[in-house]
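Q: build me a model:
(one chain, ligands or ions: 2)
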Amino acid sequence: MRPIYCLVLVLFILSCTEKSTVPSYNTGINITPKPNSIQLLDGGFEFNKNSTIVLNTESARPIATLLNSKLITSNGLELPIIISKEPKDGSVFFELDSMSALPMEGYELNSNTNNITIKASTHRGLFYGAQTLLQLLPAEIESKHKANSPLTVPNVAISDAPSLKWRGMMLDVGRHFLSIEFIKKQLDVMAMYKLNKFHWHLTEDQGWRIEIKKYPELTAMGSTRIESNGTTHQGYYTQEEIKEVVAYAKERHIDVIPEIEMPGHALAAIAAFPELSCTEEHHTPRIIWGVEEHIFCAGKEGTFTFIENVLDEVIALFPYEYIHIGGDEAPKHQWEKCSLCQSRINSENLTSENELQGYFVRRVEDLLKSKNKKMIGWDEILEGGVSETASIMSWRGEEGGISAANKGNDVIMTPAKYTYLNFYQGDYKVLPIAFGSYISTETLYEYNPIPDAIHADKKEHILGAQCNLWTEYIYADSMAENQLYPRLLALAETTWTNAEQKDYNDFKRRLANQYVRLDGHAIDYFIPYPEGGSNHVAFTDSVALHFTTPLPVAKMVYTTDGSNPSIGSATYTDTLTFRASTELKIAAVLASNKMGPIRTINIEQQSLLPAHTVKNAQPGLKSKSAYGKFLTIKDLDQTNEWKNGTVDSIEQANTTLNWGHYIDENNFRAVQLTGYINLENDGVYYFSSDQEQVWIADKLIVDNNEEIKRHSRKDGAIALAKGKHPLKLLYFNNIYGGWASDWNTVELRYRHESDSVFHTVGAPMLSY
Ligand code: ACM
Ligand code: ZN
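A: Ligands and ions are numbered 1, 2, ... in the order given. Prediction:
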């Protein structure tokens, strides 16, 4: 931050904080993404009933209507809209000047005590100027209820334009369908943060979500799947609904880019038309996550006819220059075995199945070009050789994007390790299920979409960056919003604000204000749980617990009497020490006094359980197994046909099927293992497992019943004397929430209280 800006900002914050009526989150300048040039001046402009909105062109009326709608809803103030070439005293003047040198998406905003002028060379620029004006007003301007916060705009001179032209967000509606109401809500928020590309991932193995009039079977059969627990998941968008979303996005200056996946991630289409695959086997849309090996056959002309017919209807719905054709994760096993695919390889003088994908993609690109569309594909399409005109979405890392840009292809950076919002944003031990990797808001904020390895003269081939939300574990709209926000705001700043202007500490400060704006849109953004330790803690004498949050919060509050904390409860300041069994409830509180979700920690005083004397202990475990569809513990009542046996190790509870194949329902079963664990020291032991249940010393220690068997949050603790203790582990081979437990290595992990890392239980014993 430049010193002059810093000084004025401090003075402005001080002057605001003097007025006790201004909540802390409304002090200072909170515009996000941060403008590229801002000068703070003395004084401010006050909206009142004599204020007006002046437009130099009738065509800017939607912007005036937007501003008015916010003023009316939050403050009951409706301003007259006047068309005039000149500003007036007390006016907000929107000046569209297509002859000005302002960049396409740029704007200038000047406010003084008399009036505010927003100037741009395009409607989009004016719209962004209006968004900045809203962000200069108190956060309650976004409220859907009367808030009556004072409508003061500090005097500023802003000159702003984005650093990158692609500032995107992708939603996968294939794994879990998201309603158009949900999507419109996100478009509203994207517009607030000057994001301009909505990438709509419309087709998947698990669901085909776009009506194609020529092929009604695609949605009749491809948009519905019966989950393993018997429930139905379904949904698709009619063409009318798609038009509605595209129009809604256009009003917010957001382009919509449809993605139709090919040749892989196409099982929902193959479910409707088995002849599109190599084997022509009948399938349903996939009911498990992961990568499907049945893909479109590249040997059949019918596949390309189908694709052309589908794309014709898609192109008619989406007026923008790009169509995304997927291209990622296309296993080639079926192509290797298919005589038609092999004939194509021969007739086209190709050398491999990868080159066959290259042929497929180039053929589709030619088709799109003939219809005046540009093609985008995931970076796998580079492997088969792409044309100079294909645009690449680099997701497996930055390498694909770097090499493509250096060759002159346009690139959108979406490297998973920086931009995938399906990953955790805090401690997986306390958060709802997500993909097992971690992307903090800071990681995303600090991401530089133009890596140094891009040649100086090729930098313009990096169009921008995008966050992707894959929805395997998005079982509710609130989970999607939790994953999206506030990280999407970091992407907005990463793609809009020049690197020299970025400042993560200042971004974190501004978040307090942005949360209130998101509240105005009823966005269920992520408020961290206090993190540290597990939710079940045991101790013999005393235990000290320490908490942190992965994003700043105003405070953490807690109770120890079993009641739910409120904002007035005891404030956590430092490590808490417990000497008696306690139920601790703790939650974070934001500057707006909004409380996050409550974390409950069961803290239990225990005595060391004595070890067992085990006669004839042998390596291994006793097993008891029964075939059947066991989804939850209560389903165990279904059977008494148990088969007894022994196994050498816990891992053997599972017979691994091949990755990518259908999980075989005939193989579903329950396996119970019993034996002894031998411990070397006295003390509290923590156990962790992704299996159904773990019992130690006849106590239920890990209980994942009715949970997805991934990244368990159900670690348990027990105080044990050195020596042997009974162990029981229950494993279900099933599908729960789309996750096939067969993908797990059956395991049990443990750690002594003095150890910070878990170890795999290696060689339990059995006794005779
Ligand atoms: C992807 O994440 N498979 C593009
Ligand atoms: Zn084939």
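
Q: who are the neighbours in contact with whatever residue of the stretch 351-500 of the chain ends up closest to ligand 2?
A: Using Cβ to the ion, the closest approach of the stretch 351-500 of the chain to ligand 2 is made by residue 356 at 8.9 Å. Every C-beta, even on glycine, is put in place using the N, C-alpha and C of the backbone. Residue 356 makes contacts with 298, 332, 335, 341, 344, 345, 348, 350, 384, as judged by Cβ atoms under 8 Å, 6 or more residues apart in numbering.

Q: just confirm it is within a strand.
A: No - counting by DSSP: H, G, I helix; E, B strand; the rest coil, residue 356 falls outside a strand, being helix.

Q: do any residues in stretch 450-468 lie close to ligand 1?
A: No - judged by Cβ under 6 Å from any ligand atom, stretch 450-468 stays clear of ligand 1, getting no closer than 6.6 Å.

Q: relative to ligand 2, how far out is residue 501?
A: Note on residue 501: its distance to ligand 2, by Cβ to the ion, to the nearest Å, is 52 Å.

Q: could you do residue 626 as well?
A: 40 Å.

Q: near that residue, how many other residues are there?
A: Residue 626: 16 surrounding residues under other Cβ atoms under 10 Å.

Q: re the thing from before, farthest-apart pair in the contacts of residue 356, please.
A: Spatially, the most separated pair among the contacts of residue 356 is 332 and 348, at 15.4 Å (Cβ to Cβ).

Q: neighbour-wise, which of those two wins?
A: Using other Cβ under 10 Å, the more surrounded residue of residue 332 and residue 348 is residue 332, with 19 against 13.

Q: contacting residues for the nearest residue to that one once chain neighbours are set aside?
A: The shortest distance from residue 332 to any non-neighbouring residue, by Cβ to Cβ, 6 or more residues apart in numbering, is to residue 353 (3.7 Å). Taking Cβ under 8 Å, 6+ apart as the criterion, residue 353 is in contact with 332, 335, 336, 341, 345.

Q: go on, residue 180?
A: Neighbours of residue 180 in contact, by Cβ under 8 Å, 6+ apart: 237, 241, 244, 245.

Q: thinking the first one is in contact with residue 209, fair?
A: It refers to residue 237. Yes - in this structure residue 237 lies within contact range of residue 209 using Cβ atoms under 8 Å: 6.0 Å.

Q: how about the residues of the stretch 201-350 of the chain near ligand 2?
A: Residues of the stretch 201-350 of the chain that fall close to ligand 2, judged by Cβ under 5 Å from the ion: 278, 297, 299, 338, 340, 341.

Q: is the third one in a helix, a strand, or coil?
A: Right, residue 299. Classified using three-state DSSP, residue 299 is coil.

Q: quick check, pLDDT for it.
A: Here, the pLDDT recorded for residue 299 equals 98.

Q: touching, residue 736 and residue 635? I think so.
A: No - assessed by Cβ under 8 Å, residue 736 is found out of contact with residue 635, at 11.3 Å.

Q: which one's more surrounded, the two?
A: With neighbours defined as other Cβ under 10 Å, residue 736 and residue 635 compare such that residue 736 has more, 21 against 14.

Q: ok, the residue nearest in space to the middle of the chain - contacts?
A: Geometric centre of the chain, nearest residue: residue 421, 2.8 Å, by Cα atoms, centre = their mean. The contact partners of residue 421, by Cβ under 8 Å, 6+ apart, come to 439, 467, 468, 469, 483, 484, 487, 488.

Q: with residue 588 instead?
A: 527, 528, 529, 530, 549, 553, 555, 556, 595, 596.

Q: cutoff 7 Å now
A: 527, 528, 530, 549, 553, 556, 596 (Cβ atoms under 7 Å, 6 or more residues apart in numbering).

Q: what is the burial count for residue 436?
A: 11.

Q: what values do phi and psi take at residue 640?
A: In terms of degrees, to the nearest 10, the main-chain angles of residue 640 are phi -130, psi 20.

Q: one more: residue 759?
A: Residue torsions, per degrees, to the nearest 10, at residue 759 are phi -120, psi 150.

Q: residue contacts, it?
A: Contacts for residue 759 (Cβ under 7 Å, 6+ apart) come out as 749, 750, 751.

Q: what number of residues lie near residue 645?
A: What residue 645 shows, counting by other Cβ under 10 Å, is a neighbour count of 12.

Q: that one belongs to a strand?
A: Yes - counting by three-state DSSP, residue 645 is found in a strand.

Q: how about the residue lying closest to residue 453 once chain neighbours are set aside, secondary structure?
A: Leaving out its chain neighbours, the residue that sits closest to residue 453 by Cβ to Cβ, 6+ apart is residue 402, at 4.8 Å. Assigned with three-state DSSP, residue 402 falls in the helix class.

Q: neighbours of the nearest residue in space to residue 352 that is not next to it in sequence, how many?
A: Excluding the flanking residues, the one nearest residue 352 by Cβ to Cβ, 6+ apart is residue 345, at 7.6 Å. Residue 345: 21 surrounding residues under other Cβ under 10 Å.

Q: and residue 345, what's its pLDDT?
A: 98.

Q: and it, how far from ligand 2?
A: 10 Å.

Q: next one: residue 275
A: Counting by Cβ to the ion, the gap from residue 275 to ligand 2 is 11 Å.

Q: pretty sure that residue sits in a strand.
A: No - judged by three-state DSSP, residue 275 forms no part of a strand; its state is helix.

Q: for it, what are its contacts?
A: If you count contacts by Cβ under 7 Å, 6+ apart, then residue 275 has residue 302 around it.
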